[in-house]
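> sequence isn't available, so here's the structure alone:
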């Protein structure tokens, strides 16, 4: 029997309840999900909540639809979409996000320094120029910031890292804009601080210096975190 645990939201409760049934083995791959009416009665929620939860599970690749037959557990019940752990309705934890970026982006910069080609370097230079030209337009500067780091991800020639970077991009869009604002408002050099960090990172990648590229990436991420009043732990 499906049961709800303590909620963050009604939809999330239904999603978690169905996931629990799958993880426990009570709902197996390719088995039929209980009907909308059955879920409504078992979980004591509205049909609209059940529909939204089922839609999310389908989007995540956990459920599939069979025309005229209803919803079924997919052959890959673990799903195909990455989601951050629940933060009880809050936005993702920026400290943990920046710590994860330290682990991943320093390595990406190191690899990019070895694998980048001239097209990659051109994209990085173009993004740097855009950041400089739009330094007073925080939203535009943040977009150019994203493009710069996307170019580094592409230069790693690793499609999995690129996909993960694109996922993080949506999570960090607001943080990047705030970092540019804080840099301009509180730093001696204004947003030029971020510009110098990006330039140093670019030069290390262009020079093919993997160790310097990793060091510049770490220095930039730590400085960006500081602009958001985030104190990151050492990774030595």
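Received the coordinates, thanks. Since the model is a prediction, treat every value here as computed from it, not as a measurement.
> where does the residue positioned nearest the centre of the chain fall, helix, sheet strand or coil?
Among the residues of the chain, the one closest to the centroid is residue 168, at 2.0 Å (Cα atoms, centre = their mean). Under DSSP: H, G, I helix; E, B strand; the rest coil, the three-state class of residue 168 is helix.
> ok, now how distant is it from residue 37?
Counting by Cβ to Cβ, to the nearest Å, the gap from residue 168 to residue 37 is 39 Å. For glycine as for every other residue, the C-beta is placed from the backbone atoms N, C-alpha and C.
> check residue 44 too.
With distances taken as Cβ to Cβ, residue 44 is found 13 Å from residue 37.
> same thing with residue 148?
51 Å.
> between these two, who's got more neighbours?
The neighbour count for residue 148 versus residue 37, taken as other Cβ atoms under 10 Å, is higher for residue 148 (21 against 10).
> find the nearest non-adjacent residue to the more buried one, please.
residue 127 (3.8 Å; Cβ to Cβ, 6 or more residues apart in numbering).
> next: residue 209.
Nearest to residue 209 is residue 113, by Cβ to Cβ, 6+ apart, at 5.9 Å.
> which other helices and strands contact the helix or strand the one you found falls within?
Using DSSP states H and E, residue 113 sits in helix 94-115. In this structure, helix 94-115 makes packing contacts with helix 138-155, helix 159-186, helix 192-206, helix 210-227, judged by 3 or more Cβ pairs under 8 Å, 6 or more residues apart in numbering; DSSP states H and E.
> which parts of the first one are buried?
I take that to be helix 138-155. Using 16 or more other Cβ atoms under 10 Å as the test for burial, helix 138-155 gives 138, 140-155.
> could you do the third one as well?
The neighbour-count criterion (16+ other Cβ under 10 Å) identifies 193, 194, 195, 197, 198, 199, 200, 201, 202, 204, 205, 206 as the buried residues of helix 192-206.
> ok, now the last one?
Residues 210, 212-218, 220-227 are the ones in helix 210-227 that count as buried (16+ other Cβ under 10 Å).
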